[in-house]
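Undergrad: let me see the structure of the following:
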Amino acid sequence: MDHDTALEIIRAAVGRARREPTTVAADADLIADDVLDSLDAMTFTLEVEEATGVTFPEDEDLAALGLYHVPTLIEFIRTNATAAAA
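TA: The predicted model follows:
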């Protein structure tokens, strides 16, 4: 999966999680920049998993891993997306 496709998936997942159109900068931190609250973040991760086939670690703090920082998340998606979703 290429960078732009991963970014569009992230932007779409944020919009679905927030249930409203939301601008997401390519260098945003979705938690620190208050793009997502904790409930939105759970919905967001499910949306990304469904769209890409990635599986987020269940027993780790995703924010501490940097997975709400868009560039880090893009790389995570590109590395872990299933061939069917990519």
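Undergrad: and the residue most central in space within the chain, what element?
TA: Geometric centre of the chain, nearest residue: Ile10, 4.6 Å, by C-alpha atoms, centre = their mean. Using DSSP states H and E, Ile10 maps to helix 3-18.
Undergrad: show me how far the very next helix or strand once past that helix is from its chain's centre.
TA: Note on helix 3-18: by DSSP H and E, the next helix or strand toward the C-terminus is helix 38-52. How far helix 38-52 lies from its chain's middle: 7 Å, per C-alpha atoms, centre = their mean, to the nearest Å.
Undergrad: list the helices and strands helix 38-52 packs on?
TA: helix 3-18, helix 70-80 (3 or more C-beta pairs under 8 Å, 6 or more residues apart in numbering; DSSP states H and E). Every residue, glycine included, has its C-beta placed from N, CA and C.
Undergrad: how about those helices in a markdown table, adding mean pLDDT and distance to Leu39?
TA: Listed next are those as a markdown table, based on pLDDT from 0 to 100; distance: least, C-beta to C-beta, whole Å:
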| stretch | mean pLDDT | distance to Leu39 |
| --- | --- | --- |
| helix 3-18 | 96 | 9 |
| helix 70-80 | 96 | 18 |
